[in-house]
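*Asks:* Provided below are the primary sequence and the corresponding predicted coordinates.
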Amino acid sequence: MPTETFEFQVEARQLLQMMIHSIYSNKDVFLRELISNASDALDKLRIESLRDDSLDADVSDLHVEIEPDREARTLTVRDNGIGMSREEVVELIGTIAKSGTAELLSRLREAKDESTAEGLIGQFGVGFYSSFMVADEVTLVTRKAGESEGTRWSSTGEGGYTVETVEDAPQGTAVILRLKPEDAEDQLFDYTSPWKIREIVKRYSDFITWPVRMAPEAPAAEAAEDAEAAAPEGEEGEEPAASAPPEPETLNSMKALWARSRDEVSDEEYHELYKHISHDWTDPLETIQLRAEGTFEYQSLLFLPARAPHDLFSQANRRGVQLYVKRVFIMDDCEALVPEYLRFVKGVVDAQDLSLNVSREILQQDRQIQLMRRRLVKKVLSTVKEMMTKREENYATFWREFGRVVKEGLLNDPDNKDAILKICSFASTRDKERLVTLAQYVERMKEGQKHIYYMTGESRTAIENSPHLEAFEAKGLEVLILTDPVDEVWVGAVPEFEGKELRSIAQGEAELDGEEEEGEEAKAEKERRREEFAELLTWLGERLSDEVKEVRLTSRLTVSPACVVTDAGDVTPALQNLYRAMGQELPESKRILELNPEHALVTALRKAHAADPAEPALGETAELLYGSALLAEGSQLADPARFAKLLNERLERGL
Ligand SMILES: Nc1ncnc2c1ncn2[C@@H]1O[C@H](COP(=O)(O)OP(=O)(O)OP(=O)(O)O)[C@@H](O)[C@H]1O
């Protein structure tokens, strides 16, 4: 096939521009990204060769090789891993197939300072493109294992790239960087310097499980470099290597961090492992170590990220917990090890007694894996619990980023429901700034209060303005404000917390705690009212029978004349919408209109109805009353035009 020229996809071009114009100050990380890709390619080849006996590939000495060339000012990072086909090169390297890229890019452009920009880039993980921070031309030569022809890709990062077929490419991938001139002020170092390369690999890639080797330089240059590096300390330089044939040097220790005890490993080393696994450029919030000895031995290192990825709610692009067997990488995103609601947890689990050939299906059924998963979940939950008291700020960050996801566990993991409830915190009517845990809520409950009150809704403002809250506010009863979509769902699965029933203030009869103890007098008064309003309520029920199933009096209102509530056990409109968005239709159920018998509008309506039940304007008032109750809670009207017409007529008459 002849040389073809391609344009970069728009997003790729924008991202490249940012790389070329150095949006990220720490440029050393390009090497980490290339080594990380190379290590992934080696993992993939090893697994492929285990699965497919007929694969024509040499897996005898899998490694990464770094080749600096001072004269030519190039740096090559080579691996003998899985490689890429021509189509894959175009697909994987020329485009950015990730969702949310466009949004991220526009936020990046708006980012005011460098650290915000770096943070944003971290969410994305620019991978291969980071090469353009240090190189003005990048060439990639690759041959996919099992294929005979190779591919050369080349680009200066501006505009487009070329792709051509090459005959003699070795299996795997070589990335050749033509380095930009050194510019220490811009943190652009001499990346052909073996000393610099050693430092970067040690810092960022020491734990990589494949050897990362550096090809020896011309002896004179290397000796001079060593002398230069050692000189300031006044130490003696290394023996000049002129006499012996130069051997490649392995730069990384390849030590599995999870197998080492915590006091031997620095936080920085843990963080680099996290970055390698997660492709996140930000340090994690927590590092969790776990080991089991005995019949089923395993070691695990888990991380809680400091930030939710942009695709937390999409199925694509997940990189969760990796499974290793006896230090050998087996698979990414091992879903058998962590439940869906902890999908943001990253890390490594290394098991001793599994087959290297183990498949996802087998893992799902394996009893030992189930046990391991149970322990991992408990450990993550208990770590978060500990953060709540010992590292409050970390907990706050964690909850802000992942709370919405964790709450899915209340539905999906009944065994751990209590433990999950204990690490939840919620907004509440009591304090705008601080969240409250259920334990804290219970602790500060008013005397006589038996229930944990909550209201679900779209936003804090909508809930605060909703009529349902009025009497609770007036009585000083705290109400939890639940605004995540998942809140609509889990509340149905959690009847109580530590013996206290959870109760929606917008569903079922209003029963404000403290009221049950009311005296005989109040009860008699209620009864009298019921009788007084009986006719009006029956008439309204009939007049609005298409919309509501019942009209009744309530004590939950102090300011508004009316509100609409969902019957206990019925589906709320918000839940209905949620299911509809997922393509599921739940049966419609009518709601209940509640009236405030103290309100002037309601008492006047009663009198007007008693005086002349046939008066036509009464029906319109009923419609307006119901419509405004819907508007007050933020709901949509079935026929807004009719509502506006009736209202305007009234306004006109009133003038
Ligand atoms: N050395 C390599 N060998 C084989 N395939 C590679 C190599 N380098 C990159 N690729 C392929 O190109 C894809 C894109 O690489 P890139 O570094 O841009 O992103 P990534 O590693 O997938 O993710 P991230 O952007 O989070 O780092 C990789 O997912 C991989 O499929």
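*Replies:* All right, it came through fine.

*Asks:* The nearest residue to Met254 once chain neighbours are set aside and the ligand, how far apart?
*Replies:* In space, and not counting its chain neighbours, Met254 is closest to Thr209: 5.7 Å by CB to CB, 6 or more residues apart in numbering. Where you see a C-beta, it was placed from the backbone N, CA and C, and this is true even at glycine. Relative to the ligand, Thr209 is positioned 15 Å away (CB to the nearest ligand atom, to the nearest Å).

*Asks:* Was I right to think Thr209 contacts Leu257?
*Replies:* No: taking contacts as CB atoms under 8 Å, Thr209 lies outside contact range of Leu257: 10.5 Å.

*Asks:* Looking at these two now, which is surrounded by more residues?
*Replies:* More neighbours surround Leu257 than the other of Thr209 and Leu257, with 21 against 16 (other CB atoms under 10 Å).

*Asks:* How far does stretch 490-507 stretch from one end to the other?
*Replies:* 15 Å (CA to CA, to the nearest Å).

*Asks:* So which elements touch the host helix or strand of Val489?
*Replies:* Using DSSP states H and E, Val489 maps to helix 485-490. Contacts defined by 3 or more CB pairs under 8 Å, 6 or more residues apart in numbering; DSSP states H and E place helix 485-490 against helix 409-412, helix 573-581.

*Asks:* among those, which is nearest Leu273?
*Replies:* helix 409-412 (25.9 Å; CB to CB).

*Asks:* Most proximal residue of this protein with respect to the ligand?
*Replies:* For the chain and the ligand, the shortest gap (CB to the nearest ligand atom) falls at Gly127, measuring 2.2 Å.

*Asks:* What is the neighbour count of that residue?
*Replies:* 16.

*Asks:* Next up, the contacts around the residue lying closest to it once chain neighbours are set aside.
*Replies:* Spatial nearest neighbour of Gly127, excluding adjacent residues (CB to CB, 6+ apart): Glu33 at 5.2 Å. When contacts are counted by CB atoms under 8 Å, 6 or more residues apart in numbering, Glu33 touches 126-128, 130-131.

*Asks:* Out of the residues you listed, which sit inside strands?
*Replies:* Here DSSP state E is the test, and the contacts of Glu33 give no hits in strands at all.

*Asks:* Run through the strands of the stretch 201-350 of the chain in chain order.
*Replies:* Counting by DSSP state E, counting those that start in this stretch, the stretch 201-350 of the chain has strands at residues 212-214, 249-250, 286-292, 298-304, 321-325, 328-331, 346-351.

*Asks:* got CSV for the ones you listed, with distance to the ligand too?
*Replies:* As requested, those are exported to CSV (distance: least, CB to the nearest ligand atom, whole Å):
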stretch, distance to the ligand
strand 212-214, 13
strand 249-250, 19
strand 286-292, 20
strand 298-304, 16
strand 321-325, 14
strand 328-331, 15
strand 346-351, 12
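
*Asks:* rank those by mean pLDDT and give me the bottom one.
*Replies:* Lowest mean pLDDT of the strands of the stretch 201-350 of the chain: strand 328-331, a mean of 81.

*Asks:* measure the residue nearest to Thr483 when sequence neighbours are not counted to Ile481 for me?
*Replies:* Nearest residue to Thr483 in three dimensions, chain neighbours excluded: Ser459, at 5.7 Å (CB to CB, 6+ apart). Ser459 is 9 Å from Ile481, where distance means CB to CB, to the nearest Å.

*Asks:* Which one's more surrounded, the two?
*Replies:* Legend: neighbour count by other CB under 10 Å for Ser459 and Ile481, higher for Ile481 (24 against 11).

*Asks:* Quick check: phi and psi on that one?
*Replies:* Here is the backbone geometry of Ile481 (degrees, to the nearest 10): phi -110, psi 110.

*Asks:* thinking it is in contact with Arg460, fair?
*Replies:* Yes: here Ile481 lies in contact with Arg460, judged by CB under 8 Å, at a distance of 5.5 Å.

*Asks:* what's the overlap in contacts for the two?
*Replies:* Joint contacts of Ile481 and Arg460 (CB under 8 Å, 6+ apart) are Ala427.

*Asks:* hmm, back to that, run through the residues that contact the residue of the chain closest to the ligand.
*Replies:* Taking CB under 8 Å, 6+ apart as the test, what Gly127 contacts is 33, 36-37, 279.

*Asks:* From what I see, Pro485 and Leu575 are in contact.
*Replies:* No: look at Pro485 against Leu575 with CB under 8 Å: they stay out of range, at 9.4 Å.

*Asks:* can you list contacts of stretch 202-211?
*Replies:* 28-29, 31-32, 35-36, 38-39, 42, 62-64, 212, 250-257, 268-269, 272-273, 275-276, 327-329.

*Asks:* please redo it, this time with the cut-off set to 7 Å
*Replies:* With contacts defined as CB atoms under 7 Å, 6 or more residues apart in numbering, stretch 202-211 is touched by 29, 32, 35, 39, 42, 62-64, 212, 250-257, 269, 272-273, 327, 329.

*Asks:* Report the buried members of those.
*Replies:* 29, 32, 35, 39, 42, 62-64, 212, 251-252, 256-257, 269, 272-273, 329 (16 or more other CB atoms under 10 Å).

*Asks:* doesn't Ile463 fall inside a strand?
*Replies:* No: counting by DSSP: H, G, I helix; E, B strand; the rest coil, Ile463 is not part of a strand but helix.

*Asks:* coming back round to it: just put the strands of the stretch 201-350 of the chain in TSV and tack on distance to Ala506.
*Replies:* TSV is the format used below for those (distance: least, CB to CB, whole Å):
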stretch	distance to Ala506
strand 212-214	60
strand 249-250	65
strand 286-292	37
strand 298-304	34
strand 321-325	39
strand 328-331	46
strand 346-351	39
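
*Asks:* ok, then the element right after the helix or strand containing Ala534?
*Replies:* Counting by DSSP H and E, the element that carries Ala534 is helix 520-543. Per DSSP H and E, the first helix or strand lying C-terminal to helix 520-543 is strand 548-553.

*Asks:* what angle do that following strand and helix 520-543 make?
*Replies:* 150 degrees (axes from the mean of the first three to the mean of the last three CA atoms, to 10 degrees).

*Asks:* C-alpha coordinates for strand 548-553, CSV please?
*Replies:* The C-alpha coordinates for strand 548-553 follow below in CSV (Å, rounded to 0.1, in the frame of the first residue of the first chain):
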residue,chain,number,x,y,z
VAL,A,548,-56.1,12.8,41.3
LYS,A,549,-57.4,9.8,43.2
GLU,A,550,-58.3,11.6,46.4
VAL,A,551,-58.6,15.1,47.9
ARG,A,552,-58.0,15.4,51.6
LEU,A,553,-57.0,17.8,54.3
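
*Asks:* list the helices and strands the helix or strand just after that strand packs on?
*Replies:* Downstream of strand 548-553, the first helix or strand assigned by DSSP H and E is strand 562-565. With contacts taken as 3 or more CB pairs under 7 Å, 6 or more residues apart in numbering; DSSP states H and E, strand 562-565 sits against strand 591-595, helix 616-632.

*Asks:* out of these, deepest packed?
*Replies:* Mean neighbour counts were compared across the helices and strands packed on strand 562-565 using mean count of other CB atoms under 10 Å; the top stretch is strand 591-595, at a mean of 24.

*Asks:* C-terminal to that one, what's the next element?
*Replies:* With DSSP H and E, the next secondary element past strand 591-595 is helix 600-611.

*Asks:* I'd like the mean pLDDT over that following helix, please.
*Replies:* pLDDT averaged over helix 600-611 gives 93.
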